[in-house]
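*Asks:* sequence plus predicted model, see below.
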Amino acid sequence: MADANGVPLTTQEDGTKPDQFATPIALTPEEYAALPHDNAGPKLVACVWTLTTVASAFLVLRLYCRLLKRQSLWWDDIFLIGALLCLAAESSLMSYMATLGYGKHIWDFPMENMQYLLLPMNLSGTLSVTAAVWSKTSFGITLLHLTDGWIKKITWFCIISMNIAMGLSALFPWVSCTPVQKAWDMFVEGTCWAPHVLVHYNIFSGAYSAFMDLTLAMLPWKFLWGLQMKNSEKIGVGVAMSMGVFAGITAIIKTSMVSVMLSQDFADAIDLWIWSNAEISASIIAASIPMLRVLVRDAKSSRQYHSGYVKETGLSGNRSRMVTISSRPAPTCSDVELHRLGDDDQSDCGILVQNGQKVNPSKVGIVQVTDFTVKYDHEKVSQKV
């Protein structure tokens, strides 16, 4: 059996074609010449590594903010780091698959490489699903420590149900064949599930994941609106914590493409892989933006100061000193996403944590913190009151 170019196709010992292969199409030279012969492999590699790099940059800035605030890493950070590692591993496998010819159309693909393609493809799918669910779980864990009551219960439901639904998507490719080795070794005797079974379930899990993204993105608004903050500040924080909407949008786009897995030309799935990576990257970025907002706020507050000269008369005679008065807003719960509430009493968001207990922010509040720095010209000393 040969392909349209006359290249022999790999067959089993009895001469039959393994059922993981797409069925070759008998084409005349004229028909073959009229088909597209582009290679989407380089496009796939460029896109997945660009997305991975951007997500890495945002996560590094998030971790930098943690260290800047002298805070240790927490479980939401750990899950986000794990998601990024899975994304990087998947991108590496994508690069390897491209060297095997993945990205070419089935009529141009070197069929002798097919036996080496299935294992990295299955691994990539599992890593992709794992990275997606871990990145979403990270944000859910953050919400767990900021909420109480029914909002917290909904958050728990979202985390648990989403991990179950997507976990099955990661598992099914490995258990869909009997024996299991047939899932990655096409020459093993056995049977596999009908392809549409996995596709239909992946459509369900993808749609459910998108719905959970949108749900988790909306929950902070209910929590924030009861805080003692300016409305403009509430809106700013709410927008920062609702970036998961974009992850939900990418998940919807990805889910709409899952049906291409049934195509006999696996080059049709290139865009599906790219949008899968886009969903993961959007989730990592969305989980990092709230903390980056704190970094921008602190930088802005540090520039808000004014200074003047005060003349003082003492036993040693007249002397002038320069008094620098800097004012910054008190720590508010506008940046609660930065702090590990409930761990100790050192949280900057002190109006939510008091003696290790969460308190009603509407009953307490800090209006302003003012720092006075006094510098004496002749003594070169600095005293902070």
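*Replies:* Yep, it's here. Predicted, not measured: the structure shown is a model, and the values here were computed from it.

*Asks:* for the stretch 51-200 of the chain, just list every one of the helices.
*Replies:* Along the stretch 51-200 of the chain, the stretches classed as helices by DSSP state H, counting those that start in this stretch are 75-99, 114-144, 149-175, 195-224.

*Asks:* deepest-packed of those, please.
*Replies:* Highest mean neighbour count among these (mean count of other Cβ atoms under 10 Å): helix 114-144, with a mean of 23. Placement of C-beta: from N, CA and C, glycine included.

*Asks:* returning to that earlier point: tell me which of the helices of the stretch 51-200 of the chain approaches Ala287 most closely.
*Replies:* helix 114-144 (4.6 Å; Cβ to Cβ).

*Asks:* what's the angle between the closest one and helix 149-175?
*Replies:* Between helix 114-144 and helix 149-175, the angle comes out at 170 degrees (axes from the mean of the first three to the mean of the last three Cα atoms, to 10 degrees).

*Asks:* helices and strands around helix 114-144, which ones?
*Replies:* Packing contacts for helix 114-144, counted by 3 or more Cβ pairs under 8 Å, 6 or more residues apart in numbering; DSSP states H and E, involve helix 75-99, helix 149-175, helix 195-224, helix 244-255, helix 270-301.

*Asks:* now with 10 Å?
*Replies:* Judged by 3 or more Cβ pairs under 10 Å, 6 or more residues apart in numbering; DSSP states H and E, helix 114-144 is in contact with helix 41-68, helix 75-99, helix 149-175, helix 195-224, helix 231-241, helix 244-255, helix 270-301.

*Asks:* tabulate the helices of the stretch 51-200 of the chain in a markdown table, adding columns for mean pLDDT and distance to Ile106.
*Replies:* Formatted as a markdown table, those follow (pLDDT from 0 to 100; distance: least, Cβ to Cβ, whole Å):
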| stretch | mean pLDDT | distance to Ile106 |
| --- | --- | --- |
| helix 75-99 | 94 | 14 |
| helix 114-144 | 91 | 10 |
| helix 149-175 | 92 | 20 |
| helix 195-224 | 88 | 15 |
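
*Asks:* I'd say Ser169 and Val175 touch.
*Replies:* No - in this structure, Ser169 is not within contact of Val175 by Cβ atoms under 10 Å, at 11.8 Å.

*Asks:* what residues are shared contacts of the two?
*Replies:* Overlap of the contact sets of Ser169 and Val175 (by Cβ atoms under 10 Å, 6 or more residues apart in numbering) is empty.

*Asks:* got the domain ranges for the chain?
*Replies:* 29-299, 305-384 (automatic domain parsing).

*Asks:* what's around the nearest residue to Asp265 once chain neighbours are set aside, how many residues?
*Replies:* Residue nearest to Asp265 in three dimensions, not counting chain neighbours: Ile106, with 4.6 Å by Cβ to Cβ, 6 or more residues apart in numbering. Residues contacting Ile106 under the criterion other Cβ atoms under 10 Å number 21.
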